[in-house]
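1. Pasting the sequence and the predicted model now:
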Amino acid sequence: MKIIKVKDYEQLSNTAAKFIIERVKNKPNIVLGLATGGTPEGTYKNVIQDHQQNGTSYEQVVTFNLDEYIGLPGSDKNSYRYYMNEHLFNHINVKKENTHIPNGEASNVKQECEDYEGRIQQIGGIDLQILGIGENGHIGFNEPGTSFNSRTHVIGLTEETRQANARYFPSIEHVPAHAITMGIGTIMEAKEIILLASGEKKREAMKKLINGEVTEDFPASILQKHQNVTIIADEASLSDVQLSGDGKLDH
Ligand code: PGA
């Protein structure tokens, strides 16, 4: 893993956006794996600003999002389809038909998971996957205990995750109990991964991610085994982590 330590959220957003933009310029038909949540919002803002000012094109880019709540239509402002349209897709020239998010309203969710996985395989996999991290170590919605070999699947959300996300809903009862998420096996097949983390709340998670053991009890720990991971994180989230000078780790 390589670690880029930045000062604060603003720098995190700037650095992550530059990273993505560079990859898009190098490969205009890149397949991006995208994340939702509070952390990447600033990154997407910077991507949009660059698109408007410098004309970086997303015309050939294909995207696959990590996850979606089950039971929310794409028109619901808490669905991840809505989030992505609002925070990114509506403001860049990506073709909507090239943007993929699991359908949380599918009548046969199991089939939807298989189809989603199939679409990722068919296009040749994800070139660059963007990840956030849950305080409990989840990546996508792969909660602690999820198999490292999992493919796109239905997951029951933990109380902790529903609490963390309740800030977007009128109350915790409104937070869906289930979601569709890419599996950990799916995520690990991405050719390159960047993981973004910001703020004190992620301190414990970053410590386990970087210095902890690889265990299904802490899903993100599997990233220690991936060949091409860059962590972009701010000082607050890394305050419990010991780093050597160049930010490179052996695993
Ligand atoms: P956050 O969510 O960016 O809103 O902190 C991250 C996650 O739960 O994966």
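-> Received, thanks.
2. what residues are up against residue 168?
-> residue 78 (Cβ atoms under 8 Å, 6 or more residues apart in numbering). Every C-beta, even on glycine, is put in place using the N, C-alpha and C of the backbone.
3. ok, now how distant is it from the ligand?
-> Separation of residue 168 from the ligand (Cβ to the nearest ligand atom, to the nearest Å) stands at 9 Å.
4. Same question for residue 188.
-> Taken as Cβ to the nearest ligand atom, the span from residue 188 to the ligand is 16 Å.
5. Next, see if the longest helix along the chain gets close to the ligand.
-> For the chain, the longest helix by residue count, based on DSSP state H, is helix 9-26. No. On the criterion Cβ under 6 Å from any ligand atom, helix 9-26 is out of touch with the ligand, staying 10.7 Å away.
6. try stretch 208-216
-> No. Stretch 208-216 does not reach the ligand (Cβ under 6 Å from any ligand atom); its nearest approach is 12.0 Å.
7. How about the secondary structure of residue 105?
-> coil (DSSP: H, G, I helix; E, B strand; the rest coil).
8. Please verify my assumption that it contacts residue 69.
-> No. Applying Cβ atoms under 8 Å, one finds residue 105 not in contact with residue 69, separated by 9.7 Å.
9. Looking at these two, which is more packed in?
-> residue 69 (22 against 17; other Cβ atoms under 10 Å).
10. Now that one. Its backbone dihedrals?
-> phi -70, psi 140 (degrees, to the nearest 10).
11. who are the neighbours in contact with it?
-> 78-80, 104, 176, 178-179.
12. among those, which are in strands?
-> Members of the contacts of residue 69 lying in strands (criterion: DSSP state E): 178-179.
13. burial count for the residue of the stretch 51-200 of the chain found nearest the ligand?
-> Residue nearest to the ligand within the stretch 51-200 of the chain (Cβ to the nearest ligand atom): residue 132, separated by 3.3 Å. Residue 132 is flanked by 20 other residues according to other Cβ under 10 Å.
14. Numbering from 793 from now on, please.
-> That works, and once the first residue is 793, the last one we named lands at residue 924.
15. right, and it touches residue 827 too?
-> Yes. Residue 924 lies in contact with residue 827 (Cβ under 8 Å); the separation is 5.0 Å.
16. Need the overlap of contacts for the two.
-> residue 988.
17. What residues sit buried inside stretch 904-916?
-> 904-905, 908-909, 912 (16 or more other Cβ atoms under 10 Å).
18. Excluding chain neighbours, what is closest to residue 890?
-> residue 854 (4.6 Å; Cβ to Cβ, 6 or more residues apart in numbering).
19. do you know how far the one you found is from residue 823?
-> Applying Cβ to Cβ, to the nearest Å, the value for residue 854 to residue 823 is 5 Å.
20. who touches both of those two?
-> residue 915.
21. what residues does stretch 1005-1021 touch?
-> With Cβ under 8 Å, 6+ apart, stretch 1005-1021 has contacts from 793-794, 923, 925, 928-931, 934-940, 976, 980, 983-987, 997, 1000-1001, 1004, 1043.
22. Could you pull up the mean pLDDT of that stretch?
-> Mean pLDDT, computed over stretch 1005-1021, is 98.
23. got the CA coordinates for it in PDB?
-> Extracted in PDB, the C-alpha atoms of stretch 1005-1021 (Å, rounded to 0.1, in the frame of the first residue of the first chain):
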ATOM      1  CA  GLU A1005      -4.200  -8.100  10.800                       C
ATOM      2  CA  VAL A1006      -5.900  -9.300   7.700                       C
ATOM      3  CA  THR A1007      -9.200 -10.600   8.800                       C
ATOM      4  CA  GLU A1008     -12.800 -10.900   7.600                       C
ATOM      5  CA  ASP A1009     -13.800  -9.100  10.800                       C
ATOM      6  CA  PHE A1010     -12.300  -6.000   9.300                       C
ATOM      7  CA  PRO A1011     -13.100  -6.200   5.600                       C
ATOM      8  CA  ALA A1012     -10.800  -3.300   4.400                       C
ATOM      9  CA  SER A1013      -7.800  -5.200   5.800                       C
ATOM     10  CA  ILE A1014      -7.800  -7.400   2.700                       C
ATOM     11  CA  LEU A1015      -6.500  -4.300   0.800                       C
ATOM     12  CA  GLN A1016      -3.100  -5.100   2.300                       C
ATOM     13  CA  LYS A1017      -3.000  -8.000  -0.200                       C
ATOM     14  CA  HIS A1018      -3.800  -5.900  -3.300                       C
ATOM     15  CA  GLN A1019      -0.900  -5.000  -5.600                       C
ATOM     16  CA  ASN A1020      -1.900  -1.400  -6.400                       C
ATOM     17  CA  VAL A1021      -3.600   0.500  -3.600                       C
END
